[in-house]
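Enquirer: how does the following fold in three dimensions:
(one chain, ligands or ions: 2)
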Amino acid sequence: MNAKVETKAKPLKQAMSGAELFIEALKKENVEVVFGYPGGAVLPLYDALYRNPIRHILARHEQAAIHAAEGYARVSGKPGVVIATSGPGATNLVTGITDAMMDSLPLVVFTGQVATGVIGTDAFQEADVIGITMPITKHNYQVRDLNELPRIIREAFHIATTGRPGPVLIDIPKDIATTVTEPTFVTDVHLPGYQPNTTPNVLQIKKLAEAIAQAEKPLILAGAGVLHGKAAEELLAFAEETNIPVVNTLLGLGAFPADHPLFLGMGGMHGTYTANMAMYEADLLINIGARFDDRLTGNLQHFAPNATVAHIDIDPAEIGKNVDTHIPIVADAKEALQKLLDLELTAPEANEWRLHLKQSQKEFPLWQSEEEEGISPQQLTKMIHDVTSGEAIVTTDVGQHQMWTAQYYGFSEPNRWVTSGGLGTMGFGFPAAIGAQIAHPDDTVVAIAGDAGFQMTLQELGLVAELKLPVKIIIYNNQALGMVRQWQEKFYEERYSQSLLPCQPDFVQLAGAYGIKGYSVSTEEEAEQVLKEALTSREPVLIDCRIKRKEKVYPMIAPGKGLHEMIGVRP
Ligand SMILES: Cc1ncc(C[n+]2csc(CCOP(=O)(O)OP(=O)(O)O)c2C)c(N)n1
Ligand SMILES: [Mg+2]
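Expert: Ligands and ions are numbered 1, 2, ... in the order given. Prediction:
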């Protein structure tokens, strides 16, 4: 009898250039879309893209390409992929990389580099991208040997999307992209020094359960970690089971339904009075995936002074960084909440506390001034909410309009809210809306922009027009760097140094120049009518809304003050 000889066929290796390998590796990572801008050092990569197309979105500026990738990542949960050329292409990405780092957004950023032989010689369009981005990336690589590229790309996607998400950069010298090799693609990642812990310590979970049972004034603070951990459902179940009120951070909005009876609103500098007083008075503060940013805490001396602090965070570096923590739990938000829900939790006796907070919400609601002609930005935000049934994806720039949107839109679903929180990047909102619309082509995406911030990235009207993306741009036009003006009015005796913008383009004509329909509205009646028409259309639209020029964002914790010292609180 002849023994059957099993021959294991070796996978056929195929010779390919670095650029082709790059495309193959992206395909293996299931990348559907990349945002970028070509140039000399990435010509080989773009040539490979031409021959082997993955969808490429050509922004009009690299900063917009990366903000679009951030918007895409924020609403889709998938990593945003960016390509830029060496030198100025790469340095134009710096703001976006920093923004993604601050707000924990998963990005994989490819930059071209001058050829290996001339690195360090001040070659044409050479910039030390590794040096520049070292502190603003979760990790960065410069490829020196083409055979390393498959491993590096696999690791980059792994690092960007696991643990606390963040941006990872890969710098590819031009000659590496043109060298030919027979690559071995890898699927496993071997990174002994990078092992993010997702599973909570059981004893700590029990400790938290005990603290919950004993608390009289318990409070949940839910941050963006709940969204990144896809834990909104578990958060709702946890809050309802324990009947504990919830405060959201700016970036955590949407992690808990805004219309829920346990919701106290956003905390922090422009949070609600009740949310901030709840943090001030709480005896147990359960932070889930928030980083105790200074805009949230106010003066740390007065932050949750009476509370036992529990902090669930996937990033151990966040625990105890700003606020002393009694129950540290290093874990993924979803896993930690599931473990808590697995226990038979004893809900705290906190009736009095809840009643007190309800009373406070009634007594100190958000309010707006009745002075001045023009559209009330707060009413405008509510109108946008109503016309979109509260279901739009909403992006903002940075400033007053951002805070009004956070206060008044009322997000009830996760991942519909896209804003630049940590870095506070003007120019973010419009390109981020483009990325969000690309991720969700059928959804209504509204970019709420300041008249100043919009002018930082408005060149992307060209991209919107080209792709016929139905993004709705709503400019809250107060002819000012409104938030700067507000601080100058309050804290610099009305010396409006460089914060007024009397000379503006005609935004409607500007949109028209790109073939985009524009409207200008100056009364609430006009605004309502136009919103109804424009927000339901399947076309890009720009609406220039003339809002009250002097309206301010209230209430507010002034710089250096504590949670309990809010100004602009009105019964
Ligand atoms: C890139 C950048 N530069 C400067 C600032 C400082 N800054 C914060 S808000 C603001 C004013 C923004 O004006 P606008 O976009 O019209 O929004 P508004 O506050 O009027 O709603 C400025 C200049 C910033 N956040 N980002
Ligand atoms: Mg403005």
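
Enquirer: which phi and psi values does the residue of the stretch 101-250 of the chain found nearest ligand 1 adopt?
Expert: Residue of the stretch 101-250 of the chain nearest ligand 1, by C-beta to the nearest ligand atom: M102 (12.3 Å). Yep, even glycine has a C-beta here, placed from its N, CA and C like the rest. Main-chain dihedrals, M102, degrees, to the nearest 10: phi -60, psi -40.

Enquirer: what about it, neighbour count?
Expert: Neighbour count for M102, taken as other C-beta atoms under 10 Å: 19.

Enquirer: residues contacting it?
Expert: Shown in contact with M102 (C-beta atoms under 8 Å, 6 or more residues apart in numbering): 421-423.

Enquirer: try L510
Expert: By C-beta under 8 Å, 6+ apart, the residues touching L510 are 458, 461, 518, 542.

Enquirer: ranking those by neighbours, who comes first?
Expert: The residue in the contacts of L510 with the most neighbours, by other C-beta under 10 Å, is L542 (28 neighbours).

Enquirer: dump the C-alpha coordinates for the helix or strand containing it into CSV.
Expert: Here L542 sits within strand 541-546, counting by DSSP states H and E. Taking C-alpha atoms only, strand 541-546 is exported to CSV below (Å, rounded to 0.1, in the frame of the first residue of the first chain):
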residue,chain,number,x,y,z
VAL,A,541,-26.5,73.4,1.6
LEU,A,542,-25.0,76.3,3.4
ILE,A,543,-27.1,78.5,5.8
ASP,A,544,-25.7,81.7,7.0
CYS,A,545,-27.7,82.4,10.3
ARG,A,546,-27.4,86.0,11.6
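
Enquirer: so that strand, near ligand 1 or not?
Expert: No. If you take C-beta under 6 Å from any ligand atom as the test, strand 541-546 misses ligand 1, and the best it gets is 11.1 Å.

Enquirer: pLDDT (mean, whole number) over that strand?
Expert: When pLDDT is averaged over strand 541-546, the result is 98.

Enquirer: any low-confidence regions in the chain?
Expert: Scanning the chain for pLDDT under 70 picks out 1-12.

Enquirer: okay, now the residue of the stretch 1-150 of the chain found nearest ligand 1: neighbour count?
Expert: Per C-beta to the nearest ligand atom, T95 is where the stretch 1-150 of the chain lies closest to ligand 1, at 7.1 Å. The number of residues packed near T95 is 21, by other C-beta under 10 Å.

Enquirer: host element of it?
Expert: Judged by DSSP H and E, T95 forms part of helix 94-102.

Enquirer: if I look at the residue in the stretch 151-300 of the chain that ligand 2 sits nearest to, how far off is V34?
Expert: Nearest residue of the stretch 151-300 of the chain to ligand 2: H270, at 15.6 Å (C-beta to the ion). Separation of H270 from V34 (C-beta to C-beta, to the nearest Å): 36 Å.

Enquirer: again with P261
Expert: Counting by C-beta to C-beta, the gap from P261 to V34 is 44 Å.

Enquirer: again with Q379
Expert: As for Q379, its distance to V34 is 40 Å (criterion: C-beta to C-beta).

Enquirer: picking up where we left off before, for the residue of the stretch 151-300 of the chain closest to ligand 2, what are its contacts?
Expert: By C-beta under 8 Å, 6+ apart, H270 lies in contact with 403, 406-407, 553-556.

Enquirer: ok, now A90?
Expert: Counting by C-beta under 8 Å, 6+ apart, A90 has contacts 62, 84, 111-112, 127, 129, 132, 171.
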